[in-house]
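Chemist: got a predicted structure here, sequence first:
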Amino acid sequence: MNSSVIVFPGSNCDRDVATALTKLQFKNKMVWHKDSELPKSDLIVIPGGFSYGDYLRSGAIAAKSNILKEVIKAANSGCLVLGICNGFQILIETGLLQGALLRNKNLKFISKDVSLKIINNENKFCKKYKKNNIINLNIAHNEGNYFTNKDHLKELEDNELIAFKYCNKDGLINESTNPNGSISNIAGILNNKKNILGMMPHPERMVDNLISNSDGVELFTSILN
Amino acid sequence: MKITNDIIESHGLKLEEYSKIKLLLNREPNFLELGIFSAMWNEHCSYKSSKVHLKKLPVKNKNVIQGPGENAGVIDIGDDDAIVFKIESHNHPSFIEPYQGAATGVGGILRDVFTMGARPIALLNSIHFGDPKNKKTKNLLNGVVSGIGGYGNCIGIPTVAGETKFNSTYNENILVNAMAVGLANKKKIFYSKAKGINKPVVYVGSKTGRDGIHGASMASAEFDENTEEKKPTVQVGDPFTEKLLMEACLELMKKDSIISIQDMGAAGLTSSSVEMAYKGNLGIELYLDKVPCREENMSPYEMMLSESQERMLIILEDGKENEAKKIFNKWDLDFVVIGKTTDSKDLSLKYNNKTVATIPIEALSSKAPLYDRKWTKKKLDKKKINLKDLKKIKFDDAFFKIISSPNQSNKNWVTEQFDQMVMGDTIERSGTNAAVVKIHGKEKAIAVTVDSSANYCKSHPLSGGKQIVCESWRNLVAVGAKPIAITNCLNFGNPENPEIMGQFAENVLGIKEACEFLNYPVVSGNVSFYNGTNKNNIFPTPVIGGVGLINNINKIQNHKFKKIDSQIILIGKTFGHIDQSVFINELYNLYEGMPPEVNLLNEKNNGDIVLKLINAGNINSVHDVSVGGIILALAEMSLSSNIGVKINKPKKLSNLFNYFFGEDQSRYLVEVDKSNYSNVEKILKDNNIYFDNIGVTQKEYFELDKVLKINVKELYELNNRWYNNYNGLNS
């Protein structure tokens, strides 16, 4: 399967996600933001980091870059797109995903391992996970506090577009298990066609038991099959 | 402009130093030249008070590729891999402007590392604040922690370890030391030494602004009531530009175009150009009209003394300008040829077709003042604390107070503001003996740690110097690493005071003794003097950054208990030394008496046996015993694993407080399977290692003798509330 990782000035999880993809048998290419053509891709990954230094607003400048025009075209024609952390912020800024990512409720950068509940697994990104299973991934962000209006929230719920919610290790989802203030503890959402996933946690950091754990592996292997 | 005594003094120069300038130039300097001298001759850049002592440190062994004197030290870790690392202080700027001061401290040390051709793979920090009750402390703590995080998180280098401490000695002068560790190919290390005449000198990176002018001179003086006015001397950092600069430099380094490269750190363009020319025994000519400026009408004086961040100076091979320029353009960075190397051995500055300064390079470097300052030996406080003379305290109350004190509380509030996992190779994060970072794509790893123990160093600078090197060594051993080398950041008060100079001299001797014995050389470092305000000097606070190698990533150990009903063995002898301990400091606010003794032979033997046990797979977990003694080490093992203990004090020592809170050195706690106990016992006996079998791990309860029993969850609560309470998160 062919994957492309988009590299912006200030991306800093590009190597990490490329390492994970290659380890899990993707044929991966790195794509520079100034390029105007995408290589043939079944999956496009917009990695984490601080594209354009987070100037203006996280993801805002990257969303207007050359290559993003191509990413939007590809996404609209059904290509799988995964945005992680800053990648999620960029997808929101392009309008491919709806809502907003606000500053964390405590106004601080938060970096820690969190428990996540698989809310919906009937999509190409999560099908290898079992519904309601709990996984552990790492988060590291300033602006991960997802917000959206009531109607859209209902749409997300009704159409099974919420992929992950923050919880504790027993699966409890409430304010005390919400690290950043996200509405309904949302950690990752899909678009209506379910070919685009935006998520704040970093699955690429959890693909090796020696380093952390391997809870991120199924996300990538779901895409493979 | 006529140079008056006031102008000389405001440049941080002494009148006799000015006379020396006139002698070296054979004339009066102009204002620009005076500024350049002040930038190069200040303590921060010249090491004029410390050099005679630093020369004594061991700096070489078979693993050392580059010792002190370059941007960073370089060690060999096998298979063509080299580790490049250094620690540096940013104390003064961080006190004036905590966020930017700390952030640019991180930026500066990262540049030192990638300048040498290494990709940074880990950041560490050692930060010391005043009493939490001091009204400035909260703001400084918040600013420094978010500044360190802000820079490291954005550039995408994991901040993997550090220490955060509080003591009223830092009320008016905090310490912010940052360490960076990078990975390079040992055949592709880049140095600052210029070579060849008429080679293009290239300026790359950010534009030059008016920030940080005289930063290095500011860092070479004590604070006074006008400190607030010094805000404009603090630089402003931009980690985004640094990320671009780093990627561009590393990309250019893959080609064969660079002769020499130097980052513009303290004293900016001045020190970088002088350094390169001096090392190459050449001259350098700069055309200041070409310097990319951020502000209009900047004078040569401002350009030469600006400490704007994220800038580099590169000397290129002939004809490589276009190739190099293409790379910097790709990253949207300035790239301008601003000068050339010459055979004149002068620093020659041109502006508007006029020569505005000509100074012999050696006058700024080898002929800079060097002082063997007067120093006095520390009068040792031979008084011994007798617990019977102190107010009685209940054992459990004492422990609960310590475990929930600012210095011993869980530091998640700090470390959760740092991305510890970016780059995907962090195996052990903050909070264990030492952090462990995998060498990308290989089956080996490095262990890194920073340590300090200011009150030991204050009461006995020589012994304190030894102790802190040993503690660093012990921390690396406890994760299964072979310690390789250190970098040191020596934070002291005013060197013109013979007592302070004595602390420095004796402390360096202590460091030397331990480093020599343990074959653990110093490969880089930094000296920060004048830490104090209005003659109140801080406790001498040397900070040691250690790096060790783990050749097999499957042999990494940590301090988390693994099983219930394992045997707990204490390796090393317990005497119950309580003077200068956390117990005495925290509960009685006493800083009298002597620190625990360090026996280097025991240190080495005990460490070697622990490494042997780890490598043979004989132990389940291990923790070094340091501040807070056995009880705190056990608590940390329990808290990180949620497994309790049942400990019985051996009969020999009568006092429970001395036994559990004493801070005797060279000790480790190890967890061993019961079935393997006799095997481990035999190994220890065969090697003449002193040890005690002190108890077992158990479910739920942290239980010591008959004096303490508490659920580990409750202990966790006690250990985790201080930071949140302090910062108003629990209200």
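Modeler: Thanks, I have it.
Chemist: any low-confidence regions in the stretch 201-350 of chain B?
Modeler: Scanning the stretch 201-350 of chain B for pLDDT under 70 picks out B:215-221, B:223-233.
Chemist: give me the residue from it nearest chain A.
Modeler: Chain A sits closest to B:Phe240 of the stretch 201-350 of chain B, with a gap of 2.8 Å, by C-beta to the nearest C-beta. All C-beta atoms are positioned from the backbone trio N, CA, C, and that covers glycine.
Chemist: now A:Leu190: phi and psi?
Modeler: The phi and psi values for A:Leu190, taken as degrees, to the nearest 10, are phi -110, psi 160.
Chemist: burial count for residue 54?
Modeler: If you meant another chain, say so; for now it's chain A. By other C-beta atoms under 10 Å in any protein chain shown, the residues close to A:Asp54 number 21.
Chemist: think we crossed wires, I meant chain B
Modeler: Residues within reach of B:Leu54, counting by other C-beta under 10 Å, total 19.
Chemist: report the contact partners of it.
Modeler: By C-beta atoms under 8 Å, 6 or more residues apart in numbering or on different chains, the residues touching B:Leu54 are B:Tyr47, B:Pro68, B:Val508, B:Gly525, B:Val527.
Chemist: re earlier: ok, and the closest non-adjacent residue to the residue of the stretch 201-350 of chain B closest to chain A?
Modeler: Among residues not flanking B:Phe240 along the chain, A:Gly53 sits closest, at 2.8 Å (C-beta to C-beta, 6 or more residues apart in numbering or on different chains).
Chemist: pull the contacting residues for residue 152.
Modeler: In the absence of a named chain, this looks at chain A. By C-beta under 8 Å, 6+ apart, the contact list for A:His152 reads A:Gln98, A:Gly99.
Chemist: switch to chain B, please.
Modeler: B:Val106, B:Leu123, B:Pro158, B:Thr159, B:Pro239, B:Phe418, B:Asp419.
Chemist: and the residues you listed, which are buried?
Modeler: The neighbour count (16 or more other C-beta atoms under 10 Å in any protein chain shown) marks B:Val106, B:Leu123, B:Pro158, B:Thr159, B:Pro239, B:Phe418, B:Asp419 as buried among those.
Chemist: which of these fall in helices?
Modeler: Counting by DSSP state H, those place B:Val106, B:Pro239 in helices.
Chemist: tabulate the buried ones among the contacts of B:Gly152 (a markdown table), appending distance to B:Val680.
Modeler: Formatted as a markdown table, these follow (distance: C-beta to C-beta, whole Å):
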| residue | distance to B:Val680 |
| --- | --- |
| B:Val106 | 42 |
| B:Leu123 | 36 |
| B:Pro158 | 34 |
| B:Thr159 | 36 |
| B:Pro239 | 47 |
| B:Phe418 | 36 |
| B:Asp419 | 38 |
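Chemist: which of the buried ones among the contacts of B:Gly152 fall in strands?
Modeler: Within the buried ones among the contacts of B:Gly152, residues falling in strands by DSSP state E are B:Leu123, B:Thr159.
Chemist: tell me which parts of chain A are close to chain B?
Modeler: Residues of chain A lying close to chain B by C-beta under 8 Å from any C-beta of the partner chain are A:9-10, A:12-13, A:15-16, A:19-20, A:48-50, A:52-55, A:106, A:108-112, A:138, A:140, A:142, A:202, A:204-205, A:208, A:210-212.
Chemist: for PyMOL, write a command that selects the buried ones of the residues you listed.
Modeler: The PyMOL command for the buried members of the residues of chain A next to chain B (criterion: 16+ other C-beta under 10 Å) is given here:
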select buried, chain A and resi 9+10+12+13+15+16+19+20+48+49+50+52+53+54+108+109+110+111+138+140+142+202+204+205+208+211+212
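Chemist: from the residues of chain A next to chain B, which land in strands?
Modeler: Mapping those onto strands (DSSP E) picks out A:Ile110, A:Ser111, A:Lys112, A:Asn138, A:Ala140.
Chemist: isn't the last one up against A:Asp113?
Modeler: The reference is to A:Ala140. No: contact criterion C-beta atoms under 8 Å: A:Ala140 and A:Asp113 do not qualify, at 10.2 Å.
Chemist: does B:Lys685 lie in a helix or a strand, and which?
Modeler: helix B:677-686 (DSSP states H and E).
Chemist: what angle separates the next helix or strand after that helix from helix B:677-686?
Modeler: The helix or strand immediately downstream of helix B:677-686 is strand B:691-698, counting by DSSP H and E. With axes from the mean of the first three to the mean of the last three C-alpha atoms, to 10 degrees defining the directions, strand B:691-698 sits at 160 degrees from helix B:677-686.
Chemist: quick one: strands adjacent to strand B:691-698?
Modeler: As defined by DSSP bridges, the strand partners of strand B:691-698 come to strand B:567-571 (antiparallel), strand B:644-647 (antiparallel).
Chemist: out of those strands, which gets nearest to B:Phe399?
Modeler: strand B:644-647 (12.4 Å; C-beta to C-beta).
Chemist: what's the average pLDDT for the closest one?
Modeler: In this model, strand B:644-647 has an average pLDDT of 97.
Chemist: list the contacts of it.
Modeler: B:561, B:568, B:630, B:634, B:637-638, B:694-705, B:711-712.
Chemist: I'd like to know which of these are buried.
Modeler: By 16+ other C-beta under 10 Å, the contacts of strand B:644-647 give B:561, B:568, B:630, B:634, B:637-638, B:694-698, B:701-704, B:712 as buried.
Chemist: tell me the pLDDT of B:Leu387.
Modeler: 83.
Chemist: count the neighbours of it for me.
Modeler: Other residues within reach of B:Leu387, judged by other C-beta under 10 Å, total 17.
Chemist: and if you look at B:Glu222?
Modeler: Close neighbours of B:Glu222, defined as other C-beta under 10 Å, add up to 20.
Chemist: for it, which non-adjacent residue is spatially closest?
Modeler: B:Tyr530 (4.9 Å).
Chemist: mind checking the SS state of the one you found?
Modeler: coil (DSSP: H, G, I helix; E, B strand; the rest coil).
Chemist: for it, what are phi and psi?
Modeler: Dihedral angles (degrees, to the nearest 10) for B:Tyr530: phi 60, psi 30.
Chemist: now B:Gly78
Modeler: Residue torsions, per degrees, to the nearest 10, at B:Gly78 are phi 80, psi 160.
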